[in-house]
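**Q** Fold the following and give me the result.
(chains A and B)
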Amino acid sequence: MADETMDLTLRVWRQNGPDDKGRFEEYAAEGISPHSSFLEMLDQVNERLIHQGKEPIAFDSDCREGICGTCGFVVNGQAHGPEPATTVCQLHMRNFSDGDTITIEPWRAKAFPVIKDLVVDREAFDRIISAGGYVSVGTGPKPDANAVKVPKPISDKAFDSAACIGCGACVAACPNAAASLFTGAKITHLALLPQGRPERGQRVKNMVHQMEEEGFGNCSNIGECEAVCPKEISVSNIAKMKREYLRALFTDS
Amino acid sequence: MIPLKKALTSPVGRKFVMSISGIALVLFVIVHLLGNLTLYVPDGGETFNRYAAGFEAMGPFLYVIELGLLAVILIHIGWGITTAIKNRKARPEDYDESTETKGGPSRLSLASKNMIVSGVVLGFFLIVHIWHFRVRKDFVGETTEVDGQEATNLYAMVHEAFADPFWVVFYVGCMVFLAFHLRHGFWSALQSLGAMKPEWSKAIYAIGFFVAVVLAVGFMGIPLYIYFVDLPPPV
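**A** Modelled structure (predicted):
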């Protein structure tokens, strides 16, 4: 197979810092292999920018295997780009054609302020987790293995919810910039398991209220979050969060 | 454990309020349509006027019902508008490239993205509609006889209104917005209350489409029927 390369035009959001107004700038991305990932393509563009003595495009990345949740930006109006169930580091350039113009923007939400270019501050997610997305463990002797029974279908469901990598695509794609899928996934994960149950009422209350505090919007059940989620987390996690909140309204725990 | 104020205004709590008031309004609209179907009875309005006279016979109790209904409507509007404002604030700077759906399980559509638009239109429609057939009825309605009792000839009022193509177009047009509002609203209300299983969501979403179309088309049929079929041709 002949390795043809592509020439692309990038419209990239450039913003020097949180207080900068920001603007789009156009860059040529030439000689791009269709087998390279989107981030490798940006690396190539950045190398050229560095050679020209210009400031490279800032973006987040870490594992580049689609499992760490560090990378992410909006490509042509779609969080993590056109391919479903993937992060932008696992998006390959074969999804694009020679001559395409690609618009690249950061996650846009009040709760995710831009740090620089495509890098946003996602500490709001950390604060939601700190508000209750954990299990308190007392010290003492180690319990017997298998002493706590978890039915297989329940453990499967909890695992599906636990697959969230906290990338923030759900917020980015939501027309209301709501964090319900992220928060709902963590609440569901822990409410399903016996270890998480004692704190479930307190957890849903604190996490939902923290979500509001951070300035995320309100879920209107559009479901674009599930469509862009690299881990395909279902909006049924949001419904579970609502049931947990309803339960907390009427019970003591 | 959760204070009442939070229970009514938190991101989850405010959607409980929207859902419950929304479902109440859907139930009202179903009853409203069933009652209005008596307009199709070809008896010169006897059945419809008897149905309307039944409400008048309730006396002051009717006001209690109407105020209750008004309260539900105002709550739905109030919570809807504050929610929309908060949502707008959550993304102060919008994307340059408007969000393009990735498809799959997404329900991003004209209906789901513009609930506040269809809602505001329906709010204006309600003001006009209440003035048109409820307030005016008490002042300018001509009377007729129902079972020997004097009663407002609401049938004549309805026919007079829908002889005018302006009102036919206005009512039919507003019902398009009702269809859009219910298309997303029905499913969304159940999801917001947590009444959702992945296995059910397709069926619930389909039922939402059915409810939206049946209610909107049902209401549209009345002015169209009166204008095109039921009105005697001008002499």
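**Q** what about whichever helix or strand residue B:61 is part of, average pLDDT?
**A** Taking DSSP states H and E as the criterion, residue B:61 maps to helix B:60-89. Per-residue pLDDT over helix B:60-89 has a mean of 97.
**Q** for stretch B:16-26, same thing?
**A** 98.
**Q** Dump it to PDB, restricted to CA.
**A** The C-alpha coordinates for stretch B:16-26 follow below in PDB (Å, rounded to 0.1, in the frame of the first residue of the first chain):
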ATOM      1  CA  PHE B  16     -37.500  17.000  39.800                       C
ATOM      2  CA  VAL B  17     -39.600  20.200  39.900                       C
ATOM      3  CA  MET B  18     -39.600  20.500  36.100                       C
ATOM      4  CA  SER B  19     -40.400  16.900  35.600                       C
ATOM      5  CA  ILE B  20     -43.300  16.700  38.000                       C
ATOM      6  CA  SER B  21     -44.900  19.900  36.900                       C
ATOM      7  CA  GLY B  22     -44.300  18.900  33.300                       C
ATOM      8  CA  ILE B  23     -46.000  15.500  33.700                       C
ATOM      9  CA  ALA B  24     -48.900  17.300  35.500                       C
ATOM     10  CA  LEU B  25     -49.300  19.600  32.500                       C
ATOM     11  CA  VAL B  26     -49.200  16.700  30.000                       C
END
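**Q** Can you point out the buried residues in that stretch?
**A** Buried residues in stretch B:16-26, counted by 16 or more other Cβ atoms under 10 Å in any protein chain shown: B:16-22, B:24-26. All C-beta spots, glycine's among them, are computed from the backbone N, C-alpha and C.
**Q** picking up where we left off before, packing partners for the helix holding residue B:61?
**A** In this structure, helix B:60-89 makes packing contacts with helix B:13-36, helix B:115-129, judged by 3 or more Cβ pairs under 8 Å, 6 or more residues apart in numbering or on different chains; DSSP states H and E.
**Q** quick check: angle from the very next helix or strand once past the longest one to helix B:60-89?
**A** Counting by DSSP H and E, the next helix or strand C-terminal to helix B:13-36 is helix B:46-56. Interaxial angle of helix B:46-56 relative to helix B:60-89 (axes from the mean of the first three to the mean of the last three Cα atoms, to 10 degrees): 90 degrees.
**Q** and helix B:46-56, how far from the chain's centre?
**A** 21 Å (Cα atoms, centre = their mean, to the nearest Å).
**Q** Next, the buried residues of that helix.
**A** For helix B:46-56, by 16+ other Cβ under 10 Å, it's B:47-53, B:55-56.
**Q** Would you mind identifying the next helix or strand past the strand or helix carrying residue A:201?
**A** Using DSSP H and E, the element containing residue A:201 is helix A:200-213. Helices and strands here follow DSSP H and E; after helix A:200-213, the next one along the chain is helix A:224-228.
**Q** check whether the helix or strand just after that following helix contacts chain B.
**A** Going down the chain from helix A:224-228, the next helix or strand is helix A:236-250, by DSSP H and E. Yes. Contact of helix A:236-250 with chain B (Cβ under 8 Å from any Cβ of the partner chain) involves A:236, A:238-243, A:245-246, A:248-249.
**Q** returning to that earlier point: need the helices and strands packed on helix B:60-89 in JSON lines (columns: distance to chain A).
**A** Formatted as JSON lines, the helices and strands packed on helix B:60-89 follow (distance: least, Cβ to the nearest Cβ, whole Å):
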{"stretch": "helix B:13-36", "distance to chain A": "6"}
{"stretch": "helix B:115-129", "distance to chain A": "6"}
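**Q** So residue A:67, which state does it fall into?
**A** Here residue A:67 is recorded as coil under DSSP: H, G, I helix; E, B strand; the rest coil.
**Q** which non-adjacent residue is nearest it?
**A** If the residues on either side of it in the chain are set aside, residue A:67 comes closest to residue A:165, at 6.5 Å by Cβ to Cβ, 6 or more residues apart in numbering or on different chains.
**Q** which ones are touching that neighbour?
**A** Contacts for residue A:165 (Cβ atoms under 8 Å, 6 or more residues apart in numbering or on different chains) come out as A:67-69, A:87, A:230-231.
**Q** So for it, what's the pLDDT?
**A** 98.
**Q** Can you check my assumption that it lies in a helix?
**A** No. Counting by three-state DSSP, residue A:165 is not part of a helix but coil.
**Q** Can you select the buried ones from the contacts of residue A:165 in ChimeraX?
**A** When burial is assessed using 16+ other Cβ under 10 Å, the buried subset of these is captured in ChimeraX by this command:
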select /A:68,69,87,230,231
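**Q** Need the max-distance pair from the contacts of residue A:165.
**A** The span of those, defined through Cβ to Cβ, is set by A:68 and A:231 at 11.9 Å.
**Q** Find out how far the helix holding residue B:61 is from the centre of the chain, if you would.
**A** Relative to the chain's own centre, helix B:60-89 is displaced by 12 Å; criterion: Cα atoms, centre = their mean.
**Q** repeat for stretch A:146-164
**A** The answer for stretch A:146-164 is 22 Å, by Cα atoms, centre = their mean.
**Q** Counting neighbours, which bits of that stretch end up buried?
**A** Applying 16+ other Cβ under 10 Å to stretch A:146-164 flags A:157-158, A:160-162, A:164 as buried.
**Q** and what of stretch B:52-72?
**A** Along stretch B:52-72, these residues count as buried under the neighbour rule (16+ other Cβ under 10 Å): B:52-53, B:55-56, B:72.
**Q** Farthest-apart pair in those residues, please.
**A** It's B:53 and B:72 that sit farthest apart of the buried residues of stretch B:52-72, by Cβ to Cβ, at 24.9 Å.
**Q** Report the contact partners of residue B:48.
**A** Here residue B:48 is in contact with B:38-39, B:41, B:154-155, B:158 (criterion: Cβ under 8 Å, 6+ apart).
**Q** just to revisit the earlier point, and the contacts of residue A:165 as TSV, adding pLDDT?
**A** Below are the contacts of residue A:165 laid out as TSV (pLDDT from 0 to 100):
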residue	pLDDT
A:67	95
A:68	96
A:69	97
A:87	98
A:230	98
A:231	98
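**Q** Looking at the contacts of residue A:165, which is nearest chain B?
**A** Checking those against chain B by Cβ to the nearest Cβ gives residue A:230 as the nearest, at 11.1 Å.
**Q** is it true that that closest one touches residue A:169?
**A** Yes. Assessed by Cβ atoms under 8 Å, residue A:230 is found in contact with residue A:169 at 6.7 Å.
**Q** hey, what's in contact with both of these two?
**A** What both residue A:230 and residue A:169 touch, as defined by Cβ under 8 Å, 6+ apart, is the set A:80, A:87.
**Q** Show me which residues of the stretch 1-150 of chain A are close to chain B?
**A** A:11, A:13, A:24, A:74, A:76-79, A:82, A:84, A:103, A:105, A:108-111.
**Q** one more time with 10 Å, if that's ok
**A** Within the stretch 1-150 of chain A, the positions near chain B by Cβ under 10 Å from any Cβ of the partner chain are A:11, A:13, A:21-22, A:24, A:74-85, A:102-112, A:114.
**Q** Pull out the buried residues from those residues.
**A** The neighbour count (16+ other Cβ under 10 Å) marks A:11, A:13, A:22, A:74-81, A:83-84, A:102-112, A:114 as buried among these.
**Q** follow-up on the earlier one: between the helices and strands packed on helix B:60-89, which gets nearest to residue B:83?
**A** Closest approach to residue B:83 among those is made by helix B:13-36 (5.8 Å; Cβ to Cβ).
**Q** now for that closest one, which elements pack on it?
**A** Packing contacts for helix B:13-36, counted by 3 or more Cβ pairs under 10 Å, 6 or more residues apart in numbering or on different chains; DSSP states H and E, involve helix A:200-213, helix A:236-250, helix B:4-9, helix B:46-56, helix B:60-89, helix B:115-129, helix B:165-192, helix B:198-225.
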